[in-house]
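Visitor: Below: sequence and its predicted model.
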Amino acid sequence: MRRYSFGRIRRYLFLQMAKLPIPGHKRHFVLRMAGIKFPPPSECDVFIGAGVRFDTLCPENITIGNHTLITAGTTVLTHYYDPFTRDFRTGRVVVGEGVFIGVNTIVCKSVAIGDGAVVGAGSVVTKDIPAGEVWAGNPARFVRKL
């Protein structure tokens, strides 16, 4: 039988609560309780769309900057399987300030998305995205500078 810690169960419950019909600009309050890092509540201006899924394994490894918009259906993962070494790994996902992430985007692995970056709808982010750039596609590729 698998044993779960109270903390992991608590994180899972808050991640499930975030799926309820909560206004997107208020959803970060619930996600903060799951362990995801946001700016302080008094200055937090983050929009999390409906149906956005965050990794349930290590949500505390996710950091989201201020003035960021994550649209509906996006998935943010902190763990991955490395086929070359056959290891299961976890890492940090850092989303900078003023970032826009389009509908149904998947953020894989351990990546950093720089301040002011734009990620196109349906993209699969597998590498770091520098600040002020537009990336799109599967896998996400550089499109242009802003």
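Guide: Great, that's in hand. What you see is a predicted model; the values in this text were computed from it and never measured. Residues are numbered from 1 along each chain as shown.
Visitor: Ala50: neighbour count?
Guide: Number of residues near Ala50 (other C-beta atoms under 10 Å) recorded here: 15. In short, each C-beta sits where N, CA and C put it, glycine included.
Visitor: what sits against it?
Guide: By C-beta atoms under 8 Å, 6 or more residues apart in numbering, the residues touching Ala50 are 19, 21, 24, 72.
Visitor: Please tabulate those residues in TSV and include pLDDT, neighbour count and distance to Arg89 as additional columns.
Guide: Shown next, in TSV, are those (pLDDT from 0 to 100; neighbours: other C-beta atoms under 10 Å; distance: C-beta to C-beta, whole Å):
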residue	pLDDT	neighbour count	distance to Arg89
Lys19	84	13	27
Pro21	86	6	35
Gly24	81	16	31
Ala72	92	14	28
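Visitor: what pLDDT does the closest residue to Ala131 other than its chain neighbours get?
Guide: In this structure, Ala131 finds its nearest non-sequential neighbour in Gly114, 3.1 Å apart by C-beta to C-beta, 6 or more residues apart in numbering. On pLDDT, Gly114 comes in at 97.
Visitor: Kindly list the longest helix within this protein.
Guide: Longest helix in the chain by number of residues (criterion: DSSP state H): helix 6-17.
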